[in-house]
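> Here is a sequence with its predicted model. Questions after.
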Amino acid sequence: MTAARLGDLAVHLGLLLLLPPLLPGLIAKTKAVAAGRRGPPILQLYRDIGKLLGKGAVYSNTTTWLFRAGPVVSLAAVLAAGLLLPLLARAPFGFAGDVIVFAYLLGLGRFFTMVAALDTGSSFEGMGASREAAFSALAEPTLFLVLAILCLPAKGPSFAAAFSALPWQTWLAAHPPLIAAAVALFIVLLSENSRIPIDDPNTHLELTMIHEVMVLDHGGPDLAFILYGSAVKLFLFAALLVHVLIPVHGRVAGLPAFLLGMVAVAVAVGIVESITARLRLLRVPQFLVGAGVVAVLGLLVLVFRGTP
Amino acid sequence: MQSIALSLVVGAGAVLGVSALIVVLAGRSNRVALGVGSGGALLAALVGLPGAITALVSGASTDVALPWSLPVGSLRLGLDPLSAFFLVAVFVVFGLTALYGIGYLAGYHDERRLAPVTAGFNVLFASLLLVVLARDGVTLLLGWEAMSVSSYFLVTFESERDSVRRAGTTFLIATHIGALALVALFALLARHAGGFAFAELARGGQTAFAGANLCFVLALLGFGAKAGFWPLHFWLPDAHPVAPSHVSAVLSGVMIKMGIYGFCRVLAFLGPPPLWWGALMVIVGAISGLAGVVHALAQHDLKRMLAYCSVENVGIIGLGLGLGLLGRHYGVALVAALGYAGALLHVLNHGLSKSLLFQGAGSVIHATGTGRMDRLGGLARRMPATSLAFLVGAVAICGLPPLSGFVSEYLIFLGAFGNGGLPAHAVGLVLTALAALALMGGLAAGCFVRGVGVVFLGEPRSDNARHAHEPALAMRAAMMTLALACVALGFAPVVGVGLVARAAATLAGAAGLPSLGSLPALSGLAVVLSLLVAGLALLRARLLKSRSVAHGPTWGCGYAQPTSRMQYTAAAFAEPILGPFALALQVRTQAQLPEGYFPRAAHFERNVGDTAGERVLVPAWRRFLHLALRFKVIQHGRTQIYLVYMLVTLVALLLWQMGGGPGG
């Protein structure tokens, strides 16, 4: 391992492990400012996770080892997915087809979260798992179509090839498919990370909960893992969006642009959450299919206009 | 070396034949039936598996003519990489299922005769060996017929029940309609190539010929009816659930894959594929997959859900085959090789995980007496080994890393993404495949979360579930071995891809599979994932060691008396998922909803029929019958007019002959 490679690894791990809890804090601050409040501090989630790690746990008598495995497996899956996505320079694990492994690792995390939810034998968690299964199934094809838009012009189906095929020149010449990809990806980000208009992360009414209700019975270190895991997942989707919009695939020069992009995505999510209301649950499938249609349009433009 | 391999496999077949004969001769003795029958199947698997693996590793082909002659065709057996790969799947699944059957059938020991089911199992096993080893069209058809008839007797094991007899009849009719198409197919192929032997048919398939399109359609109908492509799958959801669970495991695990085997074999005889073959396979695969998983979500019975899930996975295999055909048509070896490799590896992966799931379902039904998901629940505490094995099977069949199912879907996705040389309209097809596969994956995950969650987790919903117990050791051993196989193939994808490499390369017309440097990376990632899981679990254990860990009931919003009826049911779980697909489903609802402020009783029942059966096949059959009945006018029963018919026909033939008919 060369020194440069080790340096890359250190930067990647540092960004992946330390930065994620900042994003929900930024979103909360944006929403507060938009609502005329001061809001919680930006670093609040770090304190929350620390507090939860210091607590004990209460487990339901109905649950089995699967309930205890759920938070662990979903956090591990999200962190493993984080090792595949290049943040600034090369990712620690990069190979042909890593886009597919990325999407399926997130699916693994989701599977275990839903199973752990059903383990409690409570109607709340069952409701959350059922809605989550419905909406994530509809968001999957959109995610894959966005990945297809990224990978088609590239030399191979990997993140490294896809991002290195996006220099400024490509952006200026072939931006319509990328804009379509960005819009579809933003909607998938809102869906997968339980943001308005699909889910409300601050609500605790059973009519409106999806992700919040799946983790209702977790507490202590388990809840810390879950909060951290969802922050990392938001971070990964935001990083993917930043890479689509801002061709930042260098090293030192890329860091400020990357951080600026992440802040911009967080603020954008906060603004969307402030100005839209939650959709009726019956409308969410239509919304997600609409995102898929946008991605398909982008793909059609890409395929039939040809790559420059 | 090859002849040793072939002799081992034929020897396995002989063991099966002898054991079946002994069981039949022993008659009423159930002990002999179980011991000799199941033991014979297990022994045959142990004898034949090394032979199959030897053949696969050496990669050569043999073709041996047996010294008996037939009036048409010949009896030829042989091994090549494609046959050897399917043999590996057959031996592993049948062997472990025979082990499972020893425990499972012991439960029927005092109730009924076990000779038909154990002898039939061995005959089915032997007929599958004959189908895979056949090197002549007639030999294959003989094996096919033996397979159809023996599986009919296995499916109708509990023939005193009406539903079982009906399902068995549907099954027999469907399989013979397929066999009809196959007879026509081989007749046409033999007429073109000059003989029934595969060597001759392959020579005839070197170039395109006039009847190739018709032969392709016949192959799709015949082999597709066995595999279970939509809409020819209608027999599957009826036949697989009514069979005893170990039989369902082999039916879903390997017997439907014989359709895939035959289809792949015949593709080599049909010449270079035109575009519409690949396009049709992609569309059929996508529709089968989506229809299968959506119907699976709508089922109340655990085994019926698993049967529809088999339709979904056959759709995934069809997608892989379609990609392979597209790649072959355009000469893009990468797409073709990856598509075929993914399809073939999915045959093995699905065989392992689906037989594991059916064995788990069989254990559940054996322990609780019911397969209705809404009567089960909380089985994970009472049947820990079964629930662990079922969970492994569920994760594997959803194609989630790091288990085996992921590798085959990964290969198909790789073929779909890596479409360097395909023109624009083909890329559209490939991306349809991609989107369909992604949607199928998401829905399948929902389906199996529902299966695992409602059956094994939560609180028991009935007394049957409350008094469940672990099954016998033989059953647990078989399930654990299959679960280990799923884990092993997932952590070492190089093994799986190595098994299919030669067969896929031959089908794709390439020299070999492209070297996939990503396979060791997948293993590495699986190891990293396991280390992360272990590390986080250890971290949590350390954190909680010095703190209070309390236990209590699940919080139920302040209800003082939580009951198991408060949990989400299977139907409730699937409701939001099926919402967008309502137009495509035949839903019948009977509801008596609660009324007033103090409702007395409420009743809700929702049944989903099979869309292919109810909207496509039955109306088509009715229309055909209606048209056919129009011809009834000529049947009036008057002998004088029948004599006039004969006179008119004879005169017409005479005039035709005189006017220069054939031979005139």
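The structure has been received and is ready for your questions.
> residue ranges of the helices in chain A, please?
Assigned by DSSP state H, the helices in chain A fall at A:3-18, A:22-34, A:44-53, A:65-82, A:98-118, A:123-151, A:159-164, A:168-173, A:175-192, A:211-214, A:221-245, A:254-275, A:284-305.
> Going along the chain, name the strands of chain B.
Assigned by DSSP state E, chain B shows strands spanning B:64-69, B:74-77, B:549-552, B:586-592, B:603-609.
> mind checking pLDDT for B:A541?
For B:A541, the model assigns a pLDDT of 93.
> Look at it and say how many residues are nearby.
Using other Cβ atoms under 10 Å in any protein chain shown, B:A541 has 11 other residues around it. No exception for glycine: its C-beta is placed from N, CA and C like everyone else's.
> quick one, what contacts it?
Shown in contact with B:A541 (Cβ atoms under 8 Å, 6 or more residues apart in numbering or on different chains): no residues.
> Let's see that with 10 Å instead.
B:A541 makes contact with A:68, A:221, according to Cβ atoms under 10 Å, 6 or more residues apart in numbering or on different chains.
> Please apply the same query to B:G362.
B:97, B:100-101, B:103-104, B:107, B:244-249, B:302-303, B:371, B:386, B:471, B:475, B:479.
> roughly how far out does stretch B:257-273 sit from the chain middle?
Counting by Cα atoms, centre = their mean, to the nearest Å, stretch B:257-273 is centred 17 Å from the centre of its parent chain.
> And for stretch B:62-69?
Taking the mean of its C-alpha atoms, stretch B:62-69 sits 30 Å from the chain's own mean (Cα atoms, centre = their mean).
> Run through who's touching that stretch.
Taking Cβ under 10 Å, 6+ apart as the rule, stretch B:62-69 contacts B:1-3, B:5-7, B:10, B:55, B:74-80, B:83, B:133, B:135-136, B:139, B:197-199.
> what ranges of chain B fall below the confidence cut-off?
By pLDDT under 70, the low-scoring segments of chain B are B:1-2, B:418-421, B:560, B:661-664.
> Comparing the strands of chain B, which comes out most buried?
strand B:74-77 (a mean of 20; mean count of other Cβ atoms under 10 Å in any protein chain shown).
> Extract the C-alpha set from stretch B:114-126 and format it as CSV.
Written as CSV, here are the backbone C-alpha positions of stretch B:114-126 (Å, rounded to 0.1, in the frame of the first residue of the first chain):
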residue,chain,number,x,y,z
LEU,B,114,-45.1,-45.0,1.8
ALA,B,115,-44.1,-47.3,-1.1
PRO,B,116,-45.6,-45.1,-3.9
VAL,B,117,-44.0,-41.9,-2.7
THR,B,118,-40.5,-43.4,-2.1
ALA,B,119,-40.4,-45.5,-5.2
GLY,B,120,-41.8,-42.6,-7.2
PHE,B,121,-39.2,-40.3,-5.8
ASN,B,122,-36.4,-42.6,-7.0
VAL,B,123,-38.0,-43.0,-10.4
LEU,B,124,-38.3,-39.2,-10.7
PHE,B,125,-34.7,-38.9,-9.7
ALA,B,126,-33.7,-41.5,-12.3
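> mind listing what's buried in that stretch?
Within stretch B:114-126, the residues scored as buried using 16 or more other Cβ atoms under 10 Å in any protein chain shown are B:114-126.
> Any of the contacts of B:G362 buried? List them.
By neighbour count, with 16+ other Cβ under 10 Å, these hold B:97, B:100-101, B:103-104, B:244-249, B:302-303, B:371, B:386, B:471, B:475, B:479 as buried.
> follow-up on the earlier one: out of the contacts of stretch B:62-69, which sit inside helices?
B:2-3, B:5-7, B:10, B:55, B:83, B:133, B:139, B:198-199.
> which one is B:F153 nearest to, not counting chain neighbours?
B:G120 (4.5 Å; Cβ to Cβ, 6 or more residues apart in numbering or on different chains).
> Is the one you found in contact with B:L154, as I believe?
Yes: at 4.7 Å, B:G120 counts as touching B:L154 under the criterion of Cβ atoms under 10 Å.
> who touches both of those two?
B:V247.
> Residue of the stretch 151-300 of chain A nearest chain B, please.
Closest approach between the stretch 151-300 of chain A and chain B, counting by Cβ to the nearest Cβ: A:P157, at 3.6 Å.
> So what's the residue count around that residue?
Using other Cβ under 10 Å, A:P157 is surrounded by 26 other residues.
> and it, how far is that from A:R90?
Distance, A:P157 to A:R90, using Cβ to Cβ, to the nearest Å: 16 Å.
> do the same with A:T63
41 Å.
> Of those two, give the one with the bigger neighbour count.
A count of neighbours by other Cβ under 10 Å puts A:T63 above the other of A:T63 and A:R90, at 21 against 17.
> Need the pLDDT of the more buried one.
Taking A:T63 on its own, its pLDDT is 91.
> what's near enough to touch it?
Contacts of A:T63 by Cβ under 10 Å, 6+ apart are A:70, A:116, A:119-121, A:217, B:380-381, B:457-458, B:551, B:554.
> Return the distance of it relative to B:A380.
A:T63 is 9 Å from B:A380, by Cβ to Cβ.
> Pull up the overlap in contacts between those two.
Contacts common to A:T63 and B:A380, judged by Cβ under 10 Å, 6+ apart, are A:119, B:457-458.
> Redo those as CSV? Include distance to B:L280 and neighbour count.
CSV is the format used below for the shared contacts of A:T63 and B:A380 (distance: Cβ to Cβ, whole Å; neighbours: other Cβ atoms under 10 Å in any protein chain shown):
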residue, distance to B:L280, neighbour count
A:D119, 43, 29
B:L457, 41, 30
B:G458, 44, 30
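> Distance to B:V407 for those residues - can I get that in TSV?
Putting the shared contacts of A:T63 and B:A380 into TSV (distance: Cβ to Cβ, whole Å) gives the following:
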residue	distance to B:V407
A:D119	28
B:L457	28
B:G458	32
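> between the residues you listed, which is nearest B:L484?
For the shared contacts of A:T63 and B:A380, the residue nearest B:L484 by Cβ to Cβ is B:L457; the value is 22.9 Å.
> list the contacts for the closest residue to that closest one other than its chain neighbours?
Leaving aside its sequence neighbours, B:L457 sits nearest to A:D119 (Cβ to Cβ, 6+ apart; 4.5 Å). By Cβ under 10 Å, 6+ apart, the contact set of A:D119 is A:60, A:62-70, A:125, A:129, A:217, B:378, B:380, B:452-453, B:456-458, B:554.
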